[in-house]
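Enquirer: Please find the sequence and the predicted model below.
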Amino acid sequence: DQQVKQNSPSLSVQEGRISILNCDYTNSMFDYFLWYKKYPAEGPTFLISISSIKDKNEDGRFTVFLNKSAKHLSLHIVPSQPGDSAVYFCAASGETSYDKVIFGPGTSLSVIP
Amino acid sequence: GAGVSQSPSNKVTEKGKDVELRCDPISGHTALYWYRQSLGQGLEFLIYFQGNSAPDKSGLPSDRFSAERTGGSVSTLTIQRTQQEDSAVYLCASSLAGGGAFHEQFFGPGTRLTVL
């Protein structure tokens, strides 16, 4: 039973346009959400996070939006650049320091020059 | 380098053999995690260490899988009597403290295991 879902396995976007990556979760106890980015043959790297007390967090070109009632979050990348081409993992965790992080299956983003 | 390192980077083994995968976390990081990524799948949690103890082993798929951590640093993941379905990339991550999302996890490059 997948607690964190990323229903789009892949996404292609033109350079300069907005990339929107979506994530849905089922566990209402999740309190903290993260996005990781992974290039081929490398480990994932942390990108941005959001706590459930917020509905938006922005860091440069990256913004994460959280809709707790819908159990949905999204990552917006504006403007998209070819170097953003990677696999993006959505992840979620509970509020205690002993809660493990649950990762989604990932969305492969291709930004076309 | 100060990042998480894993060895070997690639391992090809025959079905039924035992394998050991090694992870060197970032110095000072008390929390260490093992994940597995099978082809086309997400990151599957295997086990989490806080210091040398493992408060959460819930992700280990069978009793053929075990892990230990010594000196609060290096960890080894051992797979006994490997099966073809064990083929995957095994990723290790470390964080400053805690097991949840409060502390960013830093990942190693992974070990690609192929069981023939």
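Expert: Perfect, I can see it now.
Enquirer: Tell me what the residue of chain B found nearest chain A is bridged to.
Expert: Residue nearest to chain A within chain B (CB to the nearest CB): residue B:107, separated by 2.9 Å. Quick note: C-beta positions are derived from backbone N, CA and C, even for glycine. Bridge pairing for residue B:107 (DSSP bridges) gives the partners residue B:93.
Enquirer: Can you report how many residues lie near it?
Expert: Look at residue B:107: counted by other CB atoms under 10 Å in any protein chain shown, it has 22 neighbours.
Enquirer: give the contact list for it.
Expert: A:36, A:43, A:44, A:45, B:4, B:91, B:92, B:93 (CB atoms under 8 Å, 6 or more residues apart in numbering or on different chains).
Enquirer: Which strand or helix spans residue B:32?
Expert: strand B:31-37 (DSSP states H and E).
Enquirer: can you pull the contacts of residue 21?
Expert: Just going to use chain A. Contact analysis of residue A:21 by CB under 8 Å, 6+ apart lists A:6, A:8, A:11, A:35, A:74, A:75, A:77, A:88, A:90, A:107, A:109.
Enquirer: hm, I was asking about chain B
Expert: B:6, B:7, B:8, B:11, B:76, B:77, B:78, B:79, B:90, B:92, B:111, B:113.
Enquirer: cool, and residue A:25?
Expert: Neighbours of residue A:25 in contact, by CB under 8 Å, 6+ apart: A:3, A:4, A:5, A:33, A:71, A:72, A:73, A:90, A:92.
Enquirer: Residue A:62 now?
Expert: When contacts are counted by CB under 8 Å, 6+ apart, residue A:62 touches A:35, A:47, A:48, A:75, A:76, A:77.
Enquirer: Could you list which of the contacts of residue A:25 also contact chain B?
Expert: Taking CB under 8 Å from any CB of the partner chain as the test, chain B is in contact with A:4, A:33, A:92 out of these.
Enquirer: Next SSE downstream of the host helix or strand of residue A:65?
Expert: If you go by DSSP H and E, residue A:65 is part of strand A:62-67. Moving toward the C-terminus from strand A:62-67, the first helix or strand encountered (DSSP H and E) is strand A:72-77.
Enquirer: helices and strands around the next helix or strand after that next one, which ones?
Expert: Per DSSP H and E, strand A:72-77 leads on to strand A:86-93 as the next helix or strand towards the C-terminus. On a contact count with 3 or more CB pairs under 8 Å, 6 or more residues apart in numbering or on different chains; DSSP states H and E, strand A:86-93 meets strand A:4-5, strand A:19-25, strand A:32-38, strand A:72-77, strand A:102-103, strand A:107-112.
Enquirer: Which strands border the third one, and is each parallel or antiparallel?
Expert: Yep, that's strand A:32-38 we're talking about. Here strand A:32-38 is paired, per DSSP bridges, with strand A:45-51 (antiparallel), strand A:86-93 (antiparallel).
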